[in-house]
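A.B. asks: Generate coordinates for the sequence data below:
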Amino acid sequence: MAHRRIDALASTGKRIARSLLPAKVIQGKLHKHIYMQFADKVGMVYFGFVDQREDDHRLVRGLTVSSNHRDNHYCIGSYEGYDVVLLERQDTLQFPGKTTRRHTWLIMEFDLHTSIDLPHTFFGLHTHSDTFYAHLFTKFSTFVKIPLGTFGTYDQRFTDRYVIYASQTEALNVQRLFDPDVAKMIADHFGSLTIEISEGCLYIYAEHQRLTPNLLDTMLKNGKWLATQVDERSKLIG
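C.D. replies: Okay, here's the model as predicted:
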């Protein structure tokens, strides 16, 4: 009887202690559990926080890289023949005359197999903030909105959600890589995920979405599908 009373008191104490933890601490523990469970399921290795100034891990680059970003929940492995890195990146974007924005990106990077030099390309959402785009166009001054339609009509659900940015000189090659058929699949299955091609890598980004195992599964499977499409279609611009 006494043992049960002690166990009950201990359990109550744990519940009280958990209730006193800051929400950020609780969320951090939950996120860690989700990342670790996902990594274990798909055969990746979970490292947690990594310092971008150290050389003992592979730095994920792309348009979100900066001198001040912070990377956590770093995982690395492979999936159906593609080397994959997964992490959560936080940064604060500031720009004169714009609202300061705190960003948290969930990033999945796929090493493409093609050796062809692909155009640097970004699929921007119409809902991205002015601060985000001000940073983007400052960092990549050659980016322009790519006009679509050279090889067919694009699904309105795609154009209502995304704008494709790249160098104007790469407009045709971008449309060869992401023709109306590929764009329709993106509109059908990617939701509000965003996409970047840079330096031989495909980046899939999620922002303003609740972290769930289903979201990670969607990023992995959709990213692998798109990496395959890009590798195959890169022959059209080789």
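
A.B. asks: Name the spans of the protein whose pLDDT lies under the cut-off.
C.D. replies: Applying pLDDT under 70 to the chain flags the ranges 1-25, 28, 52-57, 67, 238.

A.B. asks: just the helices in it please.
C.D. replies: 2-20, 23-42, 130-139, 156-161, 171-177, 180-189, 213-233 (DSSP state H).

A.B. asks: Could you point out which of these sits nearest residue 120?
C.D. replies: Proximity to residue 120 (Cβ to Cβ) singles out helix 171-177 among the helices of the chain, at 9.6 Å. C-beta coordinates here come from the backbone N, C-alpha and C atoms, glycine included.

A.B. asks: between the helices of the chain, which one is nearest to residue 202?
C.D. replies: helix 213-233 (4.9 Å).

A.B. asks: If we go by neighbour counts, what in the closest one is buried?
C.D. replies: Under the neighbour-count criterion of 16 or more other Cβ atoms under 10 Å, helix 213-233 has 215-216, 218-220, 222-231, 233 buried.

A.B. asks: what's the answer for stretch 177-189, then?
C.D. replies: 177, 178, 179, 180, 182, 183, 185, 186, 187.

A.B. asks: Looking at those, which one is closest to residue 31?
C.D. replies: Lowest distance from residue 31 to the buried residues of stretch 177-189 (Cβ to Cβ) belongs to residue 186, with 26.5 Å.

A.B. asks: if I pick the closest one, what's in contact with it?
C.D. replies: By Cβ atoms under 8 Å, 6 or more residues apart in numbering, the contact set of residue 186 is 123, 158, 162, 178, 195, 226.

A.B. asks: can you list the residues you listed in JSON lines and add distance to residue 95?
C.D. replies: Shown next, in JSON lines, are the contacts of residue 186 (distance: Cβ to Cβ, whole Å):
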{"residue": "123", "distance to residue 95": "21"}
{"residue": "158", "distance to residue 95": "28"}
{"residue": "162", "distance to residue 95": "22"}
{"residue": "178", "distance to residue 95": "28"}
{"residue": "195", "distance to residue 95": "23"}
{"residue": "226", "distance to residue 95": "30"}
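
A.B. asks: which one of those residues is nearest residue 89?
C.D. replies: Closest to residue 89, out of all of the contacts of residue 186 and judged by Cβ to Cβ, is residue 195, at 15.9 Å.
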